[in-house]
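Below: sequence and its predicted model.
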Amino acid sequence: MRKSQLGEFEEIVLLTVAILQDEAYGFAIIEEMENRLNRSVSIGAMQTVLKRLEKKNYLTSQLGEATAVRGGKRKRFYHLTAEGKSILQDTKEQRLGLWEAIPNFIVKFAKI
């Protein structure tokens with residue numbers, strides 16, 4: 001088992017970066033999360049977790065080209081690292097193991 005564990009918000013951000021692939025930048029990540037999860041996300045919380053995930057080496061980032069739409073500002077694009085993909089896979093396996101350990105869980109709720 002790894003020393004480092006993902007918090008729920010960290011996991012969701014990593015999964016969203018994986019979904020967006022080459023279009024994963026701050027606002028796009030927030031928008032995708034809000035649309036998929038019906039969950040409000042502040043830009044401050046997003047910036048904090050993105051920096052933390054980079055520090056943990058789960059993400060890398062690079063600045064894109066300046067655009068007129070953003071007044072010449074450049075977007076910072078995020079990408080999963082091999083370590084980021086690995087921690088997501090580990091987290092998925094842990095969660096599936098817990099779900100599978102619940103006796104008759106799916107059967108009980110399928111009858112409702």
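Nice, thanks for sending it over. Numbers count the residues shown, from 1 in each chain.

which residues are contacting the helix ranked longest in the chain?
Across the chain, the longest stretch assigned as helix under DSSP state H is helix 82-100. With Cβ atoms under 8 Å, 6 or more residues apart in numbering as the contact definition, helix 82-100 has outside contacts at 2, 4-6, 11, 14-15, 17-18, 53, 56-59, 80, 105. Backbone N, C-alpha and C define where each C-beta goes, glycine included.

Max pairwise distance over those: which two?
Asn57 and Phe105 (35.2 Å; Cβ to Cβ).

helix or strand for Ser61, which one?
Here Ser61 sits within strand 59-66, counting by DSSP states H and E.

For whichever helix or strand comes after that strand, name the packing helices and strands.
Note on strand 59-66: by DSSP H and E, the next helix or strand toward the C-terminus is strand 74-80. Under the contact definition 3 or more Cβ pairs under 8 Å, 6 or more residues apart in numbering; DSSP states H and E, strand 74-80 sits against helix 8-20, helix 26-37, strand 59-66.
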